[in-house]
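Engineer: Got a predicted structure plus its sequence, pasted below:
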Amino acid sequence: MKIVMKVKLLPTPDEASALGATLCTVNAGANMVSAVAFEKGVTSRNDLQKLVYGRLKAEFGLGAQAAVRTVKKVVDAYATLRANVGAGRLGPEGSKRRGKATSKPIVFREDAAQPFDDRILSWQHDAGTVSIWTTSGRLKGLRFVGSPDQLKTLAAFRKGETDLVSRDGKWFLVAVCEVPSEPLNTDPVDWIGLDRGIVNLATTSDGTHYSGRRLTRYRRWQARKKAELQAKQTRSARRRLKRRAKREARHAAHINHAISKECVAVAKRTGRGIALEELRGIRDRVRPGRDQRAALSSWPFHQLDRYIAYKAERAGVPVMWVDAAYTSQMCPRCGHTDRANRPTRDHFRCRRCGLAGPADVVAGVNVRNRARSAWVLVNGPALQGT
């Protein structure tokens, strides 16, 4: 499976200046290529390269491989745009957002990431350095750092392009690694049902809670600070708002990584699979209260799904998505489904058989039971005459 590894570069001031000038130049060249592609209606890599290759070398001073990578970056950007339009992510035909995206050439920021291949970027893993092409000449002995696990994976499994990224004055290399996955467990002994929410970010059918109260306090504090900055309406305030938004996103990603890592580790150790609720379109199906709308719309539920899915694939743990309807209102013992079974947010009590317990744990058990039924249906012996 493919994963990405991000390591931090430690350039000197002169090296950082050379890297910054390189990004500025290649992105100016990419904007020229994008304009040609839009004007001529050419998005084939070979055809576009014939039109702009000479100009990239003569007008922008790019080397041969840097020019090729720049053309590919533009072609990939237009391919992504076509995919988003085709999938309806930019709205229906005739919508303002779709028209704005398709009526003009794609524009690249001055500091947009630039792909490098092995001809213009080489790694010296033992020394912890790279040699990279720039418009000012090749930089050799440029140091990079990362965690021991990152560096080990990078040395063993790196394959393909590496992106040079500038972020808030810091420099990073983002490399693609082809990591072998463990054999998939095709005969799990059982399933771990996982219920997700706001108060409890995740609750397993085993009764493990990943509380969200501390995160909720953190996000409320961030919201107050953001409101104060928005009221100032200054350029400095807008810059600080962007930094706060990135910090909050990193915090949420860290929590989702921690939850997904522990869930996958437990499933692997016990020989079980992981069952998740299918939450696509959840924002259209539910009607939260006014005080819950911001929390529901801003928490990255899909991110937790993705983290669990790729960690499980790497560990050989099967993952199944099941119908999320009424998992918090159905009794797992007698099957009675009623909104009154959940008198409060935290408590469940079946009106028919009297089963009682924490509502999130009951929902997790229902998710697990649905995974069991689906697994038996798919993998059970075929009925006679079918």
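Structural biologist: Cool, the structure landed.
Engineer: if you average pLDDT over stretch 230-247, what comes out?
Structural biologist: Average pLDDT, stretch 230-247: 88.
Engineer: List the buried residues in it.
Structural biologist: The neighbour-count check on stretch 230-247 (16 or more other Cβ atoms under 10 Å) flags R240 as buried. C-beta here means a position set from N, CA and C on the backbone, and glycine is covered the same way.
Engineer: Return the distance of it from the chain's centre.
Structural biologist: 24 Å (Cα atoms, centre = their mean, to the nearest Å).
Engineer: Show me what it is in contact with.
Structural biologist: D168, Q222, K225, K226, L229 (Cβ atoms under 8 Å, 6 or more residues apart in numbering).
Engineer: Packing partners of the one helix or strand V4 maps to?
Structural biologist: Remark: V4 resides in strand 2-9, with elements defined by DSSP states H and E. The contact analysis (3 or more Cβ pairs under 8 Å, 6 or more residues apart in numbering; DSSP states H and E) places strand 2-9 against strand 139-145, helix 148-157, strand 170-178.
Engineer: Now do the shortest one against strand 2-9, angle only.
Structural biologist: For the pair strand 139-145 and strand 2-9, the angle between their directions (axes from the mean of the first three to the mean of the last three Cα atoms, to 10 degrees) equals 110 degrees.
Engineer: With the longest one instead?
Structural biologist: Between the axis of helix 148-157 and that of strand 2-9 there is an angle of 120 degrees, by the same axes, to 10 degrees.
Engineer: follow-up on the earlier one: and which of the contacts of stretch 230-247 is nearest to H347?
Structural biologist: Using Cβ to Cβ, Q222 comes nearest to H347 of the contacts of stretch 230-247, at 30.2 Å.
Engineer: check contacts around the closest one.
Structural biologist: Contacts of Q222 (Cβ under 8 Å, 6+ apart): R244, E248.
Engineer: So it: helix, strand or coil?
Structural biologist: helix (DSSP: H, G, I helix; E, B strand; the rest coil).
Engineer: That one and R235, how far apart?
Structural biologist: According to Cβ to Cβ, to the nearest Å, Q222 and R235 sit 21 Å apart.
Engineer: on that earlier part again, quick check: ChimeraX command selecting the buried ones in the contacts of stretch 230-247.
Structural biologist: Buried members of these can be picked out in ChimeraX with the line below, counting by 16+ other Cβ under 10 Å:
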select :226,229
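Engineer: which intervals of this protein have sub-threshold pLDDT?
Structural biologist: 280-300, 380-386 (pLDDT under 70).
Engineer: Within the helices and strands, which one has the residue lying closest to R314 once chain neighbours are set aside?
Structural biologist: Excluding the flanking residues, the one nearest R314 by Cβ to Cβ, 6 or more residues apart in numbering is S181, at 5.3 Å. Per DSSP H and E, S181 falls between elements, in no helix or strand.
Engineer: number of nearby residues for S181?
Structural biologist: Residues contacting S181 under the criterion other Cβ atoms under 10 Å number 12.
Engineer: List the residues that contact the residue nearest the centre of the chain.
Structural biologist: In the chain, the centroid-proximal residue (Cα atoms, centre = their mean) is Q303; its distance is 5.8 Å. Residues in contact with Q303, defined by Cβ under 8 Å, 6+ apart, are A252, A253, N256.
Engineer: rerun at 7 Å
Structural biologist: A253, N256 (Cβ atoms under 7 Å, 6 or more residues apart in numbering).
Engineer: Tell me where the stretch 1-150 of the chain has helices.
Structural biologist: With helices called from DSSP state H, counting those that start in this stretch, the stretch 1-150 of the chain shows them at 13-40, 45-60, 64-86, 96-102, 148-157.
Engineer: Give the buried residues for the last one.
Structural biologist: Neighbour-count burial for helix 148-157 flags Q150, L151, T153, L154, F157 (criterion: 16+ other Cβ under 10 Å).
Engineer: how near is the residue nearest to R314 to A155?
Structural biologist: Applying Cβ to Cβ to S181 and A155 gives a distance of 19 Å.
Engineer: Put together CSV for the contacts of stretch 230-247, with distance to A359 on each row.
Structural biologist: Shown next, in CSV, are the contacts of stretch 230-247 (distance: Cβ to Cβ, whole Å):
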residue, distance to A359
D168, 42
Q222, 28
K225, 32
K226, 32
L229, 37
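Engineer: tell me the domain ranges of the protein?
Structural biologist: 2-178, 191-212+254-379 (automatic domain parsing).
Engineer: sorry, back to before: the contacts of stretch 230-247 in helices, which ones?
Structural biologist: Among the contacts of stretch 230-247, DSSP state H puts Q222, K225, K226, L229 in helices.
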